[in-house]
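**Q** Mind looking at a prediction? Sequence and model below.
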Amino acid sequence: MKLLGKTLAMAAAICALSVGAQSTFAQRGGGNFDPAAMQQQIMERMRTAFDVKDDGEWKLISERVTAVSDARRATQSIGGMAALFGRGGRGGAGGAPGGAPADANAGGGQQRRGGFGGTPNPDMEALQKAIDDKAPADQIKTLLAKVRESHKAADAKLEAAQVELKKVLSVRQEAVAVTFGLLK
């Protein structure tokens, strides 16, 4: 059971990373990766690990698991690894290699995406532009404060989603959710 929990936690992490990479992979002509199918497999494994037999109970739990996952993804789209892999510029989505701006006609006019497949965070984009433009320290300081507020708001949403998930779980299920990284 311990191995199953670790395997599922790893699968969830891989899924989160692969969702962001999916569009890049597809643009480069890569295989038949289906993020929805992977998500479905992960949810089925979670249902098994949570030992939920009743469809109604699983519907409630899975909706809250999805809310936690979405909130976690939103916290990641603000910065961190998402800034390295998901944002435009410096060879990321919407940017040319070396940090050159993307040509308006390049990539079929696709819009830039935020980290791990989410929408870009406007506060983080403004901060990155200020950094790239070597803006004055006062401007960067103001934008940095906005990004930190975005972090706080995203963290609060994640915490609220985790509280809602915890309300519908048994103690054993809560422990499983902790091993998956859904709860702290």
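**A** Looks like it came in fine. Residues are numbered from 1 along each chain as shown.
**Q** Need the per-residue pLDDT for residue 47.
**A** On pLDDT, residue 47 comes in at 94.
**Q** and if you look at residue 120?
**A** 73.
**Q** Make sure it is actually in contact with residue 126.
**A** No. Counting by CB atoms under 8 Å, residue 120 sits too far from residue 126 to count as a contact (10.3 Å). For every residue, glycine as well, the C-beta is placed using N, CA and C.
**Q** Of the two, which one has the most company?
**A** For residue 120 and residue 126, the more surrounded residue by other CB atoms under 10 Å is residue 120, and the numbers stand at 21 against 16.
**Q** ok so that one is a strand residue?
**A** No. Using DSSP: H, G, I helix; E, B strand; the rest coil, the secondary structure at residue 120 is coil, not a strand.
**Q** ok, residues contacting stretch 146-154?
**A** Residues outside stretch 146-154 that contact it (CB atoms under 8 Å, 6 or more residues apart in numbering) are 71, 74, 75, 78, 79, 121, 123, 124, 126, 127.
**Q** Output that stretch as PDB, nothing but the C-alphas.
**A** Listed next in PDB are the C-alpha coordinates belonging to stretch 146-154 (Å, rounded to 0.1, in the frame of the first residue of the first chain):
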ATOM      1  CA  LYS A 146       1.800  42.700  -6.600                       C
ATOM      2  CA  VAL A 147       3.300  39.300  -7.400                       C
ATOM      3  CA  ARG A 148       3.600  38.500  -3.700                       C
ATOM      4  CA  GLU A 149      -0.100  39.500  -3.300                       C
ATOM      5  CA  SER A 150      -0.900  37.100  -6.100                       C
ATOM      6  CA  HIS A 151       1.000  34.400  -4.300                       C
ATOM      7  CA  LYS A 152      -1.000  35.100  -1.100                       C
ATOM      8  CA  ALA A 153      -4.300  35.000  -2.900                       C
ATOM      9  CA  ALA A 154      -3.500  31.800  -4.800                       C
END
